[in-house]
Each structure stands twice: as C-alpha cells, then as structure tokens.
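*Asks:* need the 3D shape of this:
(2 chains)
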Amino acid sequence: MTQHKFRPVEEQLEYLKKGAAEVIPEEELKQKLESSVKTGEPLRVYLGVDPTAPDIHLGHTVVLRKLKHFQDMGHTAIFLVGDFSAMIGDPTGQSETRPPLSHEQVEVNAKTYLAQVYKILDSKKTEVRYNSEWLGKMSSYEVVRLCGHYRLARMLEREDFRSRLENSLPIAVHELLYPLLTAYDAVMLKSDVELGATEQKFNILVHREIQREYGLSPQVVFTMPILVGLDGQRKMSKSLGNYVGITEPPAEMFGKMMSIPDELMWSYYELVTDRTPLGIAELKKEVEEGKLHPMDAKMRLAEEVVGGFQGAEAGRKAAENFQRVFRERRAPEEAPVEKLPVGPPKKLTALLVELKLVASKSEAERLIKQRGVEINEACVEDARKEIDLSKPREFLLRAGKKKFVRVVVE
RNA sequence: GGACGGGUGGGUGAGUGGCUAAAACCAGCAGACUGUAAAUCUGCCGCUCCUUGCGGGCUACGAAGGUUCGAAUCCUUCCCCGUCCA
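*Replies:* Purely as a prediction, here's the structure:
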C-alpha cells in the first residue's frame, strides 16, 4: 500500500476531470494531488449514498464511475452508505418532505446496494463505511454543537428550501439537519474529495465548511452532471419511473435505453460509458454526416451499457432480440414462460390480470378494445374472449408493446 | 395561544347541493405514423358484473359523524398544512 506509483498530476487531472460538472476549487484538487504524489499518500475520496431504494439505476452509476476513476488513479475510494441519513431523508430537490424510511428498509436496501456497486468499483480496494457508525452514537449535545456551526440564513439560501418557503409549502425542521449531519460524515472520514451529483453541490459545500469548523483541511467538491431520465426531461429517478435499473433483465434494459430521445444519447455516451470524449465526438460526427444511422448509434450505446453490467454476451443477445421484436415485429426468442393447469375455460381479461400483464380487468378490457392484445401474433378483437384450457397447449400472449408471455397449459 | 386561508383522482388544479367517476393540463397506456424513440394525430385513462349497453353495482374529493329525496359542495368534531399576530 505504501508503494503507490502515482501518475503525474497533469495526467491524473485530465483523467479525473472527464465529464465532471464542477470541481470546487480546482486549484485545491491540483494541490492535493501534488502533495499526494510527493508523500505517496493516496487521497481519500468519498461518495455518500442513501439507500432509499433497493436498486441502483444508471443515474447513480455516473458518480460511481467517477469514484472508480479515482480508484483507477490509486486513490482511496470510500463508499459511504448513508444508512442513518436515509432515515432523515435528503431534502435536495424535494418539493415536499419525504416520509422517513424505517430502519429495516434501510438495512435491506443497503445490502442489495453494495452488491450492485461492486459491478463498477473494485471490491477489494473499496473502503465501505456506514454513517450510522458515528451518527447513531452522537449525543444530543454533540448534535447541538454541530448545529451551532451553521446559520439559518445560509441554510435557506438553497433553492429547494427557498422555493418551498415562497410557495408556502412545509419544511420540516429535521430537513435542515440533513446537510449538517452528513457534514459530520466528512469530518469523520477526513476526506480530501467528496463526489456527488450537481444537485448535491449545496450539501457538499456545507460539508466543506463544517470540516473547516472542525479544524480539518476542507475537502474538494467534485460534482458530476445529472443523468436525464428516459423521458428526456427530468432527472433519472425511480419515483418518476424514468430509470434503467442495473440489475434489470438485459432485454428490459436494452428496450429502455432505446426509448430515450436521440439527442439524449450523447449525454449517455459521455456519462455511462467508458468512451473517451474524442471517441464520442467522432461518433456524433458520423451520425451528423449521415454515415451512421442514429438508431444504430443508439443500439450500440444500449448494447455497451447492457454489456457492461450483464456481460458482453447478454448485451449482444439483447440487441438481437430488440432487432427481432421491434424492428421486425416478431415474437421474442425467449419470452417468460407461465404454466397453467388444465381446467375450465377462462376469460382472457381474467387471464391477463392473473399473469400480471395488466393491473385490473377493466384495464385488460380496455387494452383489448384498443387492439393491444395478441395471441400467437394475431390481434384479439373480442373483449369477452374465453381461453380454452381443456387440454395441454401452448401459446404466445402479447399485451401492449413490450409484454410477452409464453403460456403453457399442462 | 389567537385570527385568517387551505387539504379534490399519479401530479398541477377547476368545481360551492342534483346535469360530477368529478373540467383543463401533465404524466401513463393503446393505436396510427416512423428508424427503436422523440414529435405529431386518434382514443383510453377508479374498481367490478354481465345480456358489452350513451348498461347495472360498488368505491372516491383529509378523517369521523350529521342535515337532505340527493353532498366534493351545507353543519359539527377531529387531524394536517400555510400566512399573519403573540
């Protein structure tokens, strides 16, 4: 560990700054890198993530990938699980107070998180910490003392609080505590650099100031752009439903990637692939000059991303499947199989609900009337259709654009 | 503690006693068009039953009660939120 051969500072900077939104202050990062090269001490770089959902999605990977870049450069990557702060709830970007998560939920989420994180980070080189380690043990006195280091006016500077105030929306007091408590993470970790999405800028800046209050050398704020979600409008988030989970089935991931607006793919190329800025620029030029079809460029992107998480083979298969189902309008090679016992005939609407292809019978009826249901690639016209289950057979059921199920009666 | 204003479907937000399963917009879904999309156009968009009909039943406008033939709309109590005052 002591014999780190660090790359020259300029080279490191170039590699690290790739795709970054902001580095505050940039000069300080340079200094820190210089002294690290000199002393042979790696920088302590951390990323704090609240396990608010059991799955991480592509949006999270942007900043994780950056942490990995620091790891690549020989620095200490610290992945901080905000198991305590998740229970407070980050007010960032929230137009309302979010309901706190229970301890159990957080624990379950945290577990599944790590496994996914290691798809990007090198597990052997990653320092994993949980902020309940110290936040869970603080006395009220210590909390009060911590709060004494910051001013309300400064807290209210932030956009989400201010706009809520202006619009007469509630702000719960504990929400004010969030940036302060997470600042204590930075204090305990004695971090040199903290990574985050641009929306975390305010929080990370507070962390920096609090570190100074505690007599530490303040960390560098390193932010990454926010990945726009599949709708091409809002940020990728689970609650908006415009996300790509990294553990989703390859075909699903692929389909989702393809549903982004064309223009968005460049930002994706930059933030969620390992392509160099130069390589991306070249690709873009090809498309603009008409040498490469935008759809093919997008398919490459999708294949690369799927491949990165699920293996190259899965990526290729997903691409083939997409080609087959959507471009050639044929049934997928592999559809999920559902087995049904032989029995009396069943209404198609009931069957669709049973197979969880739709949420209710009313919805099933609507879907059929809208010509969105197919059996063995033939559109079903009759909403009252009954399915014969009297003897063993097999058929392919399609509900809507994407949902296929191979039903096996036995 | 007081005064005032407010809580409507996934979201924004209209609606002040029947014509309201609730305008409009957004999101979502389906179909058409395409190059997968996006954009655009058309339709759908609480649940359920069947004889699938401008059909029947049930549930829904913060909660619980009440008035009424009839309530998202009126009354009472409670909960929650905001603003101002203390």
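*Asks:* so the closest residue to residue A:51 other than its chain neighbours is in which element?
*Replies:* Nearest non-adjacent residue to residue A:51, counting by CB to CB, 6 or more residues apart in numbering: residue A:109, 3.6 Å away. Placement of C-beta: from N, CA and C, glycine included. Applying DSSP states H and E as the criterion places residue A:109 in helix A:103-117.
*Asks:* for that helix, buried residues please.
*Replies:* A:105, A:106, A:107, A:109, A:110, A:113, A:114, A:116, A:117 (16 or more other CB atoms under 10 Å).
*Asks:* what is the orientation angle of the helix or strand just after that helix with helix A:103-117?
*Replies:* Using DSSP H and E, the helix or strand that follows helix A:103-117 in sequence is strand A:126-130. With axes from the mean of the first three to the mean of the last three CA atoms, to 10 degrees applied, the angle from strand A:126-130 to helix A:103-117 works out at 170 degrees.
*Asks:* residues in contact with strand A:126-130: which ones?
*Replies:* A:71, A:76-81, A:83-84, A:110, A:114, A:117-118, A:189 (CB atoms under 8 Å, 6 or more residues apart in numbering).
*Asks:* looking at these, which one is closest to residue A:333?
*Replies:* Each of the contacts of strand A:126-130 was checked against residue A:333 using CB to CB; the closest is residue A:118, at 30.4 Å.
*Asks:* before we move on, back to that, restrict the helix holding residue A:109 to CA atoms and write it as CSV.
*Replies:* Taking Å, rounded to 0.1, in the frame of the first residue of the first chain, the C-alpha atoms of helix A:103-117 are listed here in CSV:
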residue,chain,number,x,y,z
HIS,A,103,-34.6,1.1,9.9
GLU,A,104,-35.4,-2.3,8.4
GLN,A,105,-36.0,-0.9,5.0
VAL,A,106,-32.7,0.9,5.0
GLU,A,107,-30.8,-2.2,6.1
VAL,A,108,-32.3,-4.3,3.4
ASN,A,109,-31.6,-1.7,0.8
ALA,A,110,-28.1,-1.2,1.9
LYS,A,111,-27.3,-4.9,1.4
THR,A,112,-28.5,-5.1,-2.1
TYR,A,113,-26.8,-1.8,-2.9
LEU,A,114,-23.3,-3.0,-2.2
ALA,A,115,-23.5,-6.0,-4.5
GLN,A,116,-24.6,-3.7,-7.3
VAL,A,117,-21.9,-1.1,-6.5
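*Asks:* helices or strands next to that helix in the packing?
*Replies:* Counting contacts by 3 or more CB pairs under 8 Å, 6 or more residues apart in numbering; DSSP states H and E, helix A:103-117 packs against strand A:76-81, strand A:126-130.
*Asks:* looking at those, spot the one closest to RNA strand B.
*Replies:* strand A:76-81 (28.7 Å; CB to the nearest atom of the strand).
*Asks:* does residue A:395 touch residue A:375 like I think?
*Replies:* Yes. Using CB atoms under 8 Å, residue A:395 is in contact with residue A:375, at 5.6 Å.
*Asks:* low-confidence stretches in chain A?
*Replies:* Scanning chain A for pLDDT under 70 picks out the ranges A:1-4, A:89-102, A:167-169, A:239.
*Asks:* write out the residues of it neighbouring RNA strand B.
*Replies:* A:165, A:168-171, A:231-232, A:241-242, A:255, A:258-262, A:293-295, A:298, A:322, A:326-327, A:353, A:359-363, A:365-367, A:370-372, A:383-384, A:400-402 (CB under 7 Å from any atom of the strand).
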